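Engineer: What follows is a predicted structure for the sequence shown.
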Amino acid sequence: MPDTFLFYVFSAVAVGASLLVIGQRNPMYSIMLLITSFGALSALYIQLDAPFVAMAQIIVYAGAIMVLFLFVVMLLNAPQEDAAQWDRTHPLRRPGMGRFGAMLAALLTVQLVWALLRVSDASAAVGARGDVAELTSVRSVGRVLFTDYVFAFEATSILILVAMVGAVVLAAREEKR
Amino acid sequence: MIPLGHYLVVSAILFAIGTAGVFLRRNLITILLSIEIMLNAVNLSFVAFGRSHGTVDGQIITFFVMTVAAAEAAVGLAIVIALFRHRESLNPDAFTLLKW
Amino acid sequence: MEQATLRFIIQLGIIGFTFFMLINASALLVLAERKIMGFMQQRYGPYLVGPHGVLQPLADILKLLFKEELRPKGADKWLFTLAPIISVTAAFAAFAAVPWGAETTFFGLLDTPVKLGVADVNVAVLVVFAITSMGVYGIVLAGWSSNSKYSLLGGLRSSAQMISYELAYATALASVIMLAGSLSLRSVVDAQAGYWFGFIPRWYLFLQPLGFIIYMIAGVAETNRAPFDFPEAEQELVAGYNTEYSSVRFALFPQAEYINMTTMSAVATDLYLGGWHGPLLERWGLGWVWFLIKVGIILFAYIWVRWTVPRYRYDQLMQFGWKWLFPAAVLNLIATAAFILYFNA
């Protein structure tokens, strides 16, 4: 019972914070709300017996990627959406495109939910199969990562190197001649 | 015990929210944030499925998704910085002409 | 009273006790810093409030509470207040995963022993690392939301420094985890029980001397203490990200800094100095006294270094972190891995 209650609380926080993220004018607020959403998702991962992924989510997503976003927003002194070009209504409440888009998003939700709930064991309890002690241990994650998925692991390390070089080159100031 | 379907519904809702954000918002940073929401929704699906099968593979694929998300965020933000320096605007509608 | 409720009450009591001790630690550190600084500079330090200045932290806190709460007009309303809250919450929360004593039944009161520590997580090392890296947000948001150039520069520099030194910190942690074979801090401490040759304790300090030095340097940089406190240096940047804060919001920042120091020292004690294992006291269930003593020694070292060594300039600081400390940590990791392979193959 407390498990189910916590699941609903964390899901509500994750979904609510994400809704607010796309509804904010100021990108700084969006980033802070997204961090909240990530925290709630991390709690959901802990409920799914994946503590290592939960901590990696906080360290990598909330602690590194979001800091990168924050730095860029601060350094660019990013303006909020141009409210002068349109009238003063909130971006998501403008007539026409906004409402149509929101309706399409709701339609997408219905489609996805319908498709996903037709999965064969969608009504089976998560956590019925599998040995909890082995799933939560980092040792088993490491073992599978470095044997079955070692090629993908090495490839992602090269990917990060390429991304680093690319980011530095793209954001560098052009030399004044 | 929570059925698998519940986690999948949450994942679907988050994915749709992310998609709505990408299409409806006219600020490059918010668009990138919405992409991150979508990636997280997919992560949740992976971990839920992995747990319901009783294997660790769901968690491992999550690492790769996170890594790719980090790389993509870095390069995407570098592009945003370069674009902002050129046009002083973060509205994607300011970049509709192919002329630099 | 049945066992279940008794356990519940005792665990609540342990959590409350940990929180209480952390708050006391920050108050004591305020006093200790000024007294030790005074003695090193051949003067008495605070002397008037209470016997030999012992009640000085109380006076400091009362003064701060009675000041006027200012908020600059251009400051972002929500983020200006949120920043110190994030700092202090991250600082306290990180200590939740740190065990500070062995299991105890409280002299037979309980049937099964209860662990002394707020939570025993099997990825405790990662939890501490994750939550301390959330503390960066407090500083970045404080710098930005104050709408002042000193604050912004201080906040940016401080957070860039913290992120850079997290790499060396994590790599030093990884070496210890390899030796211990587990991410749980309690297992790491228990792997350090016992003695070699009967009198040298099996601390990882002796197996990882370079790792310990790297960890301590990275810890000092992570908590923005001297010699790495350029971002809040009084001489250069007024007070860095603290500039526009006053009264209670200001008080939370140094408190967060002291609690971070305490957490770093506690984790260093658990990882390198054998935690609560020590010669005599464990027999009577007083291992946590050894823990306190060791944490106290490391905190004294923190304060000692601050008032002895001049501070690094910001670019020197970043160069040191990236070009010297991180490669040293990686070399340490490789050497540890080779050592383990050679001796256990």
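Structural biologist: Received, thanks. Fair warning: this is a prediction, and the values are worked out from it, not measured in the lab.
Engineer: Which pLDDT value does the model give the residue nearest to the spatial centre of chain A?
Structural biologist: Nearest to the centroid of the C-alpha atoms of chain A, with distances taken as C-alpha atoms, centre = their mean, sits residue A:38, at 6.2 Å. Residue A:38 carries a pLDDT value of 96.
Engineer: Same check on residue C:237?
Structural biologist: On pLDDT, residue C:237 comes in at 52.
Engineer: Repeat that for residue C:274.
Structural biologist: Looking at residue C:274, its pLDDT stands at 87.
Engineer: what do you get for residue C:234?
Structural biologist: Reported pLDDT for residue C:234: 53.
Engineer: Residue A:57 too?
Structural biologist: Model confidence at residue A:57, given as pLDDT, is 95.
Engineer: before we move on, the earlier item: what's the distance between the residue nearest to the centre of chain A and residue C:27?
Structural biologist: For residue A:38, the distance to residue C:27 equals 34 Å [C-beta to C-beta, to the nearest Å]. Where C-beta positions appear, they are placed from N, C-alpha and C, glycine not excepted.
Engineer: hmm, back to that, what sits against the residue nearest to the centre of chain A?
Structural biologist: Going by C-beta atoms under 8 Å, 6 or more residues apart in numbering or on different chains, residue A:38 touches A:57-58, A:61-62, A:66, B:40.
Engineer: May I ask which helix or strand encompasses it?
Structural biologist: Assigned by DSSP states H and E, residue A:38 belongs to helix A:27-47.
Engineer: any chance you could map the strands in chain A?
Structural biologist: Ranges of strands in chain A, per DSSP state E: none exist.
Engineer: can I see the domain layout of it?
Structural biologist: Domain assignment for chain A by automatic domain parsing gives A:1-80, A:94-120, A:130-177.
Engineer: for those, which one ends up most surrounded?
Structural biologist: Ranked by average neighbour count under the criterion mean count of other C-beta atoms under 10 Å in any protein chain shown, the domains of chain A are headed by domain A:1-80 at a mean of 20.
Engineer: Can you get me the centre-to-centre distance for the worst-scoring helix or strand of chain A on mean pLDDT and its chain?
Structural biologist: When the helices and strands of chain A are scored by mean pLDDT, DSSP states H and E, helix A:132-136 comes last with a mean of 79. Offset of helix A:132-136 from its chain centre (C-alpha atoms, centre = their mean, to the nearest Å): 25 Å.
Engineer: Same question for stretch C:284-301: list its buried residues.
Structural biologist: Neighbour counts over stretch C:284-301 (16 or more other C-beta atoms under 10 Å in any protein chain shown) mark C:285-288, C:290-292, C:294-295, C:298-299 as buried.
Engineer: neighbours around residue C:337, how many?
Structural biologist: Residue C:337 has 14 neighbours, counted by other C-beta atoms under 10 Å in any protein chain shown.
Engineer: List the contacts of it.
Structural biologist: Taking C-beta under 8 Å, 6+ apart, one finds residue C:178 in contact with residue C:337.
Engineer: Quick check: it is in a helix.
Structural biologist: Yes - under DSSP: H, G, I helix; E, B strand; the rest coil, residue C:337 sits within a helix.
Engineer: Do a quick rundown of the helices in the stretch 51-200 of chain C.
Structural biologist: For the stretch 51-200 of chain C, the helices defined by DSSP state H, counting those that start in this stretch cover C:56-66, C:77-94, C:124-145, C:149-180, C:185-190.
Engineer: Same list, these, but as CSV with distance to chain B, mean neighbour count and mean pLDDT please.
Structural biologist: Output for the helices of the stretch 51-200 of chain C, formatted as CSV (distance: least, C-beta to the nearest C-beta, whole Å; neighbours: other C-beta atoms under 10 Å in any protein chain shown; pLDDT from 0 to 100):
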stretch, distance to chain B, mean neighbour count, mean pLDDT
helix C:56-66, 37, 14, 87
helix C:77-94, 16, 20, 90
helix C:124-145, 13, 26, 90
helix C:149-180, 13, 22, 88
helix C:185-190, 20, 22, 91
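Engineer: now the ones you listed in JSON lines, with distance to residue A:156?
Structural biologist: Formatted as JSON lines, the helices of the stretch 51-200 of chain C follow (distance: least, C-beta to C-beta, whole Å):
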{"stretch": "helix C:56-66", "distance to residue A:156": "48"}
{"stretch": "helix C:77-94", "distance to residue A:156": "29"}
{"stretch": "helix C:124-145", "distance to residue A:156": "19"}
{"stretch": "helix C:149-180", "distance to residue A:156": "18"}
{"stretch": "helix C:185-190", "distance to residue A:156": "29"}
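Engineer: Select, out of those helices, the one closest to chain A.
Structural biologist: Closest of those to chain A is helix C:124-145, at 3.9 Å (criterion: C-beta to the nearest C-beta).
Engineer: and the nearest residue to residue C:85 once chain neighbours are set aside, how far is that from chain B?
Structural biologist: By the measure of C-beta to C-beta, 6 or more residues apart in numbering or on different chains, the closest residue to residue C:85 outside its immediate chain neighbours is residue C:252, 7.3 Å from it. Note on residue C:252: its distance to chain B, by C-beta to the nearest C-beta, to the nearest Å, is 28 Å.
Engineer: and whichever residue of chain B sits closest to chain C, what does it touch?
Structural biologist: Closest residue of chain B to chain C, C-beta to the nearest C-beta: residue B:59 (12.3 Å). Residues counted as contacts of residue B:59 (C-beta under 8 Å, 6+ apart) are A:50, A:52-53, A:141, B:46-47, B:50.
Engineer: again, only this time at 10 Å
Structural biologist: A:45, A:48-54, A:56, A:135-136, A:138, A:140-141, A:144-145, B:43, B:46-47, B:50-51 (C-beta atoms under 10 Å, 6 or more residues apart in numbering or on different chains).
Engineer: so which of the residues you listed are also by chain C?
Structural biologist: Counting by C-beta under 10 Å from any C-beta of the partner chain, A:51-52, A:54, A:56, A:136, A:138 from the contacts of residue B:59 sit close to chain C.
Engineer: which pair in these spans the largest distance?
Structural biologist: A:56 and A:136 (13.6 Å; C-beta to C-beta).
Engineer: hey, what's in contact with both of these two?
Structural biologist: Contacts common to residue A:56 and residue A:136, judged by C-beta under 10 Å, 6+ apart, are A:50, B:59, C:123.
Engineer: can the residues you listed go into TSV with extra columns for pLDDT and distance to residue C:1?
Structural biologist: Converted to TSV, these look like this (pLDDT from 0 to 100; distance: C-beta to C-beta, whole Å):
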residue	pLDDT	distance to residue C:1
A:50	91	37
B:59	92	41
C:123	91	34
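Engineer: Tabulate those residues in JSON lines, adding columns for distance to residue C:76.
Structural biologist: Converted to JSON lines, the shared contacts of residue A:56 and residue A:136 look like this (distance: C-beta to C-beta, whole Å):
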{"residue": "A:50", "distance to residue C:76": "35"}
{"residue": "B:59", "distance to residue C:76": "38"}
{"residue": "C:123", "distance to residue C:76": "35"}
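Engineer: If we only consider those residues, which is nearest to residue C:260?
Structural biologist: Nearest to residue C:260 among the shared contacts of residue A:56 and residue A:136, counting by C-beta to C-beta, is residue C:123 at 20.2 Å.
Engineer: Next, the contact list for the closest one, please.
Structural biologist: Contact analysis of residue C:123 by C-beta under 10 Å, 6+ apart lists A:46, A:51-52, A:54-56, A:136-138, C:97, C:129-130, C:182-185.
Engineer: What helix or strand is the residue of chain B closest to chain C located in?
Structural biologist: Counting by DSSP H and E, residue B:59 is found in helix B:57-87.
Engineer: Could you count how many residues lie near the residue of chain B found nearest chain A?
Structural biologist: Nearest residue of chain B to chain A: residue B:54, at 2.6 Å (C-beta to the nearest C-beta). Neighbourhood size, residue B:54 [other C-beta under 10 Å]: 16.
Engineer: From residue A:128, how far out is it?
Structural biologist: From residue B:54 to residue A:128 the distance is 8 Å (C-beta to C-beta).
Engineer: Give me the next element, helix or strand, following the strand or helix carrying residue B:13.
Structural biologist: Under the criterion of DSSP H and E, residue B:13 resides in helix B:4-24. Next helix or strand after helix B:4-24 toward the C-terminus (DSSP H and E): helix B:28-53.
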